[in-house]
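Colleague: Sequence first, then the predicted structure:
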Amino acid sequence: MNFVNSVDDLAGRVGDGALVAMPPEYSWVSMAMTRALIAKGVRDLHVLCVPIGGMAVDMLVGAGCVGTLEAAAVSLGEAGLAPRFTAAIQDAAIEMRDSTCPAVHAGLQASEKGVPFMPLGGLIGSDIEKYRADWTVVDDPTGRGQGPIVLIPAIRPDFAVFHSPRADRDGNVWIGKRRELMTMAHAARDTLVTVEEVVDDDFLADDTLAAGTLPNLYVSGVAEARAGAWPLALKGSYDADRAEISRYAAEARTEPGFEAYLEGALAAARPDAAE
Amino acid sequence: MSYRPEELLITVIARLLEDDPAVRHVAVGAASPIPGSGVLLARETTGGRPRASIIHGESNNPFTDGAREIFDCAGQGRIDVFFLGGVQIDGEANINLVGTTGAGGYPEIERRFPGSFGSAYMYFVVPKVILFRPEHTRRVFVPKVDFISAPGVSDPGVHRPGGPKFLVTELCLMSFNSDARRFRLESIHPGHSLDEIRDNTGFDFDAADHVPVTPEPEPARLDLLRNKIGKEIGATYPGFAAEVFGIEVEKTERKAS
C-alpha cells in the first residue's frame, strides 16, 4: 500500500539535490507539495519542467530550493512573466538548462523504454542545441538520407510529482487524458501524488477508467490534499483562481513582496475546496 | 465599420489560411489568442476546410495522448500551419524566445523571457510557419538575434520540410524567401507607411515600388468574429475575449471522468 498520512510525509522523501519532474500548469500541478517542499526547506533541487514551468516552479526558485532548472519555458501564462524565475536567471542565481518541449518528452520516453537516448528531428542550428553539452549530433546511422540528427540522453527523474482528482483504494491514480503524467511516472524512480480524495473503488476493474489510470506499480506515495492544485486549475475539477495568481504575479515582482506572499501562503489555511 | 487593431490582425491571418488549399490542419500554441481567432475565422469562412487545433484549449483540442502528441503529429507531417513569435526576430528569420544577452553572450542574460517552447522543433517540421509579433520596433526586429531559439534557414544537408513563410506585425505583412534568406514586404496596414516600417525594422527587406495596403476587415468577417468566434476563443482566453470583443464567457462544464 502506498498511502501516507500527509503531504508533509510525502515531501519528506524528497532530499536535497533530487531531480524532480513537474507537469505544466494545464496538467495538474501539486501546489500542496510545492508548499510542503518549500516549508521543509529543501535545497539544490534539479527541477525538470515537463516541459513548461509556472507558478510552482517560480515559487520554488524564489524560495531558494532550486539549483538547476531544465525547461522549455517558464511563465505564468495570462498573468505574465514568472517574476522570481526571471530575476534568478538575470542574476545568474541558478543554472538554467534551456530546452525545447519535444526534447523533454524524448528524454523521458528514452527512460520509459530503458534505452540511453532518443533521437529527435529539428534542433540543428539552434543555440539550444549548441549550448547543450549533453546532446549529441550524429549522422543518421540507418542511412536513410535525412542527414544529421540529435540524440537526447535519457532523463531519469528521482521523483515525478503531481496532483490528481482521485486515487482508488489500492493507490491506482486517475490521470484521464493527461498522458504526460504517465510518461513522467514511467520514467521516474519514484512518483509522489497528492489527490483530492481516495475513493473506495478499483479503477483497473473497468476498462474505461483503466485507460486513464496510472497503476500503483509506478506510484510510491499518495497523500490526500483537498484543493491541492489551488490556486492553479485542476482541469476537469475546478478552475484557476485567477485573482490569486494575479496577486502572486504582482507581489512576487520584488523579493520582499515574494517573501511576504510566501509567508502568507504557507501559514494560511487553504480553502477546504475550490468551487 | 470601425474595428480594433486585433481584429485587423485576425483577418490578415485568416486570409493567409483561406487562400491556400494546402492548409488542411492548423495548430495554435499556448498564449496565442489572435492566431487562434484567425484560424477559427478561416474555418468559418471556408466552410470548415482547415481543421483547427488549439493546444491546451478548452475547446478545439483533439489531443488525447499528452503534451508530446502535438510534436509527434507535426513530425509526421500532419500539421500544415503553426504560429511562432519572438522576443527578437532577425532578417534571416532566426527567432529568439529566450531573452536578450549581456556582453558575454548566452548564458549571461540581460532580460529573460519564458523560453523557446517547442519552436526548435516546430520551425523545422511544419511546412508553413507564420511568424506573429504585433510589436513592430527595432527592439524586436534586430539585425541579428542574441540567441537562436530556432534558425530561419538550415544548411542543405539538414532535413527540414518546414520553415517560416510569413510575418504578421502591427504595421505590415511580409513573406519570407528561404532561398534568398530575406523578407519581402507584401502589404502595409491602413494608416502606416513604408518609411515607418523601414524606420522600425533593424534589417533590410525587399519591397515592390508600390506596396498594396492591407484590406480592412470586411463587415461580414467582423460580424462572425464578434458574434461567433469571440465566444469560442473566450473558452480558452477569457481575458482576451473580454477585452477585445467585450464578451464575458461563462464557464463550461467539462468532466474529466
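Modeller: Thanks, I have the structure now.

Colleague: can you give me the helices in chain A?
Modeller: Along chain A, counting by DSSP state H, helices occupy A:7-12, A:31-40, A:55-62, A:83-90, A:101-113, A:127-131, A:179-187, A:207-210, A:242-251, A:255-267.

Colleague: no, scratch that, I was asking about the stretch 51-200 of chain B
Modeller: Assigned by DSSP state H, counting those that start in this stretch, the helices in the stretch 51-200 of chain B fall at B:69-75, B:119-125, B:194-199.

Colleague: For the helices of chain A, could you give me TSV that also reports mean pLDDT, mean neighbour count and distance to chain B?
Modeller: Placement of C-beta: from N, CA and C, glycine included. Below are these laid out as TSV (pLDDT from 0 to 100; neighbours: other CB atoms under 10 Å in any protein chain shown; distance: least, CB to the nearest CB, whole Å):
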stretch	mean pLDDT	mean neighbour count	distance to chain B
helix A:7-12	96	20	21
helix A:31-40	97	23	18
helix A:55-62	98	26	11
helix A:83-90	98	23	4
helix A:101-113	98	25	4
helix A:127-131	98	20	4
helix A:179-187	97	24	3
helix A:207-210	96	12	7
helix A:242-251	96	17	8
helix A:255-267	95	14	16
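
Colleague: State the number of residues packed around whatever residue of the stretch 101-250 of chain B ends up closest to chain A.
Modeller: In the stretch 101-250 of chain B, the residue that lies nearest chain A is B:Gly115 (3.2 Å; CB to the nearest CB). B:Gly115 has 28 neighbours, counted by other CB atoms under 10 Å in any protein chain shown.

Colleague: Neighbours of the closest residue to A:Asp190 other than its chain neighbours, how many?
Modeller: Excluding its sequence neighbours, the residue lying closest to A:Asp190 (CB to CB, 6 or more residues apart in numbering or on different chains) is A:Ser220, at 4.0 Å. Residues contacting A:Ser220 under the criterion other CB under 10 Å number 19.

Colleague: now A:Gly228
Modeller: 28.

Colleague: Next up, the contacts around the closest residue to it other than its chain neighbours.
Modeller: Leaving aside its sequence neighbours, A:Gly228 sits nearest to A:Ala32 (CB to CB, 6+ apart; 3.9 Å). Applying CB atoms under 8 Å, 6 or more residues apart in numbering or on different chains, we find A:Ala32 in contact with A:7, A:163, A:194, A:225, A:228-229, A:270.

Colleague: ok, 7 Å please
Modeller: Residues near A:Ala32 by CB atoms under 7 Å, 6 or more residues apart in numbering or on different chains: A:7, A:163, A:194, A:225, A:228.

Colleague: for A:Phe203, same thing?
Modeller: Contacts of A:Phe203 (CB under 7 Å, 6+ apart): A:168, A:172, A:174, A:209-210, A:213.

Colleague: same check, this time on A:Gly122
Modeller: By CB under 7 Å, 6+ apart, A:Gly122 lies in contact with B:120-121, B:124-125.

Colleague: export those residues to CSV and tack on pLDDT?
Modeller: Below are these laid out as CSV (pLDDT from 0 to 100):
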residue, pLDDT
B:Ala120, 98
B:Tyr121, 98
B:Phe124, 98
B:Val125, 98
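
Colleague: how far away is the residue nearest to A:Arg156 when sequence neighbours are not counted from A:Asp98?
Modeller: Closest residue to A:Arg156 apart from its sequence neighbours, by CB to CB, 6+ apart: A:Ser111 at 4.6 Å. Look at A:Ser111 and A:Asp98: by CB to CB, to the nearest Å, they are 20 Å apart.

Colleague: Can you lay out the helices of chain A as TSV showing distance to B:Gly234?
Modeller: Shown next, in TSV, are the helices of chain A (distance: least, CB to CB, whole Å):
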stretch	distance to B:Gly234
helix A:7-12	35
helix A:31-40	26
helix A:55-62	23
helix A:83-90	27
helix A:101-113	26
helix A:127-131	34
helix A:179-187	26
helix A:207-210	31
helix A:242-251	14
helix A:255-267	29
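
Colleague: Could I get the contacting residues of the closest residue to the residue of the stretch 101-250 of chain B closest to chain A other than its chain neighbours?
Modeller: Spatial nearest neighbour of B:Gly115, excluding adjacent residues (CB to CB, 6+ apart): A:Ala73 at 3.2 Å. By CB under 7 Å, 6+ apart, the contact list for A:Ala73 reads A:52, B:114-117.

Colleague: now do 6 Å
Modeller: A:52, B:114-115, B:117 (CB atoms under 6 Å, 6 or more residues apart in numbering or on different chains).

Colleague: and these, which are buried?
Modeller: The neighbour-count test (16 or more other CB atoms under 10 Å in any protein chain shown) marks A:52, B:114-115, B:117 as buried among the contacts of A:Ala73.

Colleague: closest to B:Leu17 among those residues?
Modeller: Nearest to B:Leu17 among those is B:Phe117, at 21.3 Å by CB to CB.

Colleague: Hmm, that closest one is touching A:Ala72, no?
Modeller: Yes: contact criterion CB atoms under 6 Å: B:Phe117 and A:Ala72 qualify, at 5.3 Å.
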